[in-house]
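S.K.: Need a 3D model of the sequence below.
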Amino acid sequence: MPTYVILLRAVNLAGYGKLPMADFRKLLAGLRFERVETYIQSGNAVVDAKGTAETVAKAVAAGMEKLMGAPAGVVVRTHEQLDRVIRENPFAAEAVDGTKVHVGFLAGSPGKEAAGGLDRIVAKYPKRRDRYRLIEDTLYLHLPDGAAETKFTGKSLDKALGVMGTARNWNTVLKLHEMSKRKL
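M.R.: Okay, the predicted model is just below:
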């Protein structure tokens, strides 16, 4: 049975989307996923599940909507996909401080105008030193001044990319990668 990393968008952030991880684990177990583990309070889980990443994402999204009463953004990745994310990190040197490098996991391929939209965000805020690199369905962010004041926010990224995504700092990416190794 394949192992998947499940990433929820906008869970337990600044009082928004409150979801106790015990409820999330119960939901995932109710979907007949096995070896369910969560990591921190921001909607990260590692599960063993039958089916494809797409079917897992759809099942979790439907379950979350029923549980929370509103649609929830869900992105699913495999261990191998996290391997690629780690291997291709263009900000590997900066990731020594794992809070300064973030990865945006996108639900699909961004639109053709994505780079232009991201460049407009950078140009609009010249005092910010934020940098980005878009590789397929992954957005790497180097935020040397921290994530709290970045202009690469959910709404601005949705508009620029044309696809939903959810971001995690580098420390979390590494931890989820380690957790998803359990089958290898």
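S.K.: Mind listing what's buried along the longest helix anywhere in the chain?
M.R.: Longest helix in the chain by number of residues, with DSSP state H as the criterion: helix 53-68. Of the residues in helix 53-68, those buried by neighbour count under the rule 16 or more other Cβ atoms under 10 Å are Ala53, Val56, Ala57, Ala59, Val60, Ala61, Gly63, Met64, Met68. Glycine gets a C-beta too; all of them are placed from N, C-alpha and C.
S.K.: State the distance from the residue nearest to Gly108 when sequence neighbours are not counted to Pro110.
M.R.: Of all residues beyond its chain neighbours, the one nearest Gly108 is Val163 (4.8 Å), with distances taken as Cβ to Cβ, 6 or more residues apart in numbering. Distance of Val163 to Pro110, computed by Cβ to Cβ, to the nearest Å: 5 Å.
S.K.: out of these two, which sits in the busier spot?
M.R.: The residue with more neighbours, out of Val163 and Pro110 and counting by other Cβ atoms under 10 Å, is Pro110; that gives 23 against 17.
S.K.: so where is this structure shaky, pLDDT-wise?
M.R.: Across the chain, the stretches falling below the confidence threshold (pLDDT under 70) are 12-17, 183-184.
S.K.: all strands for the protein, in order.
M.R.: Ranges of strands within the chain are 3-8, 34-39, 44-48, 74-78, 101-106, 131-135, 138-142, 165-169, based on DSSP state E.
S.K.: between the fifth one and strand 74-78, how many degrees?
M.R.: The directions of strand 101-106 and strand 74-78 differ by 110 degrees, with axes from the mean of the first three to the mean of the last three Cα atoms, to 10 degrees as the criterion.
S.K.: Direction included, what does strand 101-106 pair up with?
M.R.: strand 138-142 (antiparallel), strand 165-169 (antiparallel) (DSSP bridges).
S.K.: Output the first one as CSV, nothing but the C-alphas.
M.R.: C-alpha atoms of strand 138-142 as CSV (Å, rounded to 0.1, in the frame of the first residue of the first chain):
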residue,chain,number,x,y,z
THR,A,138,6.6,23.3,-6.7
LEU,A,139,7.2,26.9,-5.6
TYR,A,140,10.4,27.5,-3.6
LEU,A,141,10.6,30.7,-1.6
HIS,A,142,13.6,32.2,0.1
